[in-house]
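S.K.: curious how this folds, go ahead:
(one chain, ligands or ions: 2)
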Amino acid sequence: MNRNKIRNTLEIRNAIREHGSDILKHPNFLDSARNIQHGDVSVMKHSLKVAYAAAWLNKKLHINCSERDLIRGALLHDYFLYDWHDTSRKDFNPLHGFYHPGVALRNARKDFVLSDKEEDIISKHMWPMTVKPPKCREAWVVTAADKYISTLESLRLHNRSRMIRLRRRIIGKNNLHNGQKLNR
Ligand SMILES: [Fe+2]
Ligand SMILES: [Fe+2]
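M.R.: Ligands and ions are numbered 1, 2, ... in the order given. Just a heads-up that it's a prediction; the model follows:
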């Protein structure tokens, strides 16, 4: 890695830690390490990766987003807090793709005070499935980052060791709950 890349990586990690400090230590967020999102990647790690990718896009393309809204919205975009693969759940709905942004928004409103941009990011990140398009540039960036990361995860093209390092460096080794696996 060249110096610029290392500096950008450190700056983005620090920004995620700073803007997402309350989210990163919230038990519900930490518990999302139990639920798989795509392939072998947990919802928590997926959310960290989307936050990283969105912040990277913002920096690289000089999109001039509010970094705080961008990172917080990305960390909470999939805050639905259940295992969507579990067909035995009482409230299982096969249309998870369509309705989980609404569930994530309701959960996030209960646990955090959200800005208008954070609400837009969470509720529109599945566009065009959500029909209504994003209103702010932050929501467009998270929508793009989420699709990119989700595709890599679904095709299992993500770099597993890099992913584990990212999670450990942002969340820390000892912050997981109740024996959650360190490798997801
Ligand atoms: Fe989602
Ligand atoms: Fe997502």
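S.K.: so what's D86 up against?
M.R.: Residues in contact with D86 (C-beta atoms under 8 Å, 6 or more residues apart in numbering) are F92. Yep, even glycine has a C-beta here, placed from its N, CA and C like the rest.
S.K.: ok, now how distant is it from ligand 2?
M.R.: Computed as C-beta to the ion, to the nearest Å, the D86 to ligand 2 distance reads 18 Å.
S.K.: can you check K132 too?
M.R.: 18 Å.
S.K.: repeat that for A51.
M.R.: 10 Å.
S.K.: list the helices and strands the helix or strand harbouring that residue packs on?
M.R.: Take DSSP states H and E as the rule and A51 turns out to sit in helix 43-60. Applying 3 or more C-beta pairs under 8 Å, 6 or more residues apart in numbering; DSSP states H and E, we find helix 43-60 packed against helix 3-19, helix 27-31, strand 36-38, helix 67-76, helix 137-154, helix 160-171.
S.K.: R17 contacts I171, correct?
M.R.: No: look at R17 against I171 with C-beta atoms under 8 Å: they stay out of range, at 9.2 Å.
S.K.: name all residues that make contact with the residue lying closest to H38 once chain neighbours are set aside.
M.R.: Once flanking residues are discounted, H38 sits nearest to E153: 3.7 Å by C-beta to C-beta, 6 or more residues apart in numbering. E153 makes contacts with 37-39, 41, 46, 49, as judged by C-beta under 8 Å, 6+ apart.
S.K.: switch the cut-off to 6 Å
M.R.: Going by C-beta atoms under 6 Å, 6 or more residues apart in numbering, E153 touches 38-39, 41.
S.K.: do the same with E11
M.R.: Per C-beta under 6 Å, 6+ apart, neighbours of E11: none.
S.K.: next, the contact list for S47, please.
M.R.: S47 neighbours (C-beta under 6 Å, 6+ apart): 75, 78.
S.K.: I meant L81, not that one.
M.R.: 28, 107.
S.K.: going forward, begin numbering at 802 instead of 1
M.R.: Let's use 802 as the start, then, which means that last one is L882.
S.K.: any idea how far it lies from S848?
M.R.: Distance from L882 to S848, counting by C-beta to C-beta, to the nearest Å: 12 Å.
S.K.: before we move on, what about R873?
M.R.: From R873 to S848 the distance is 11 Å (C-beta to C-beta).
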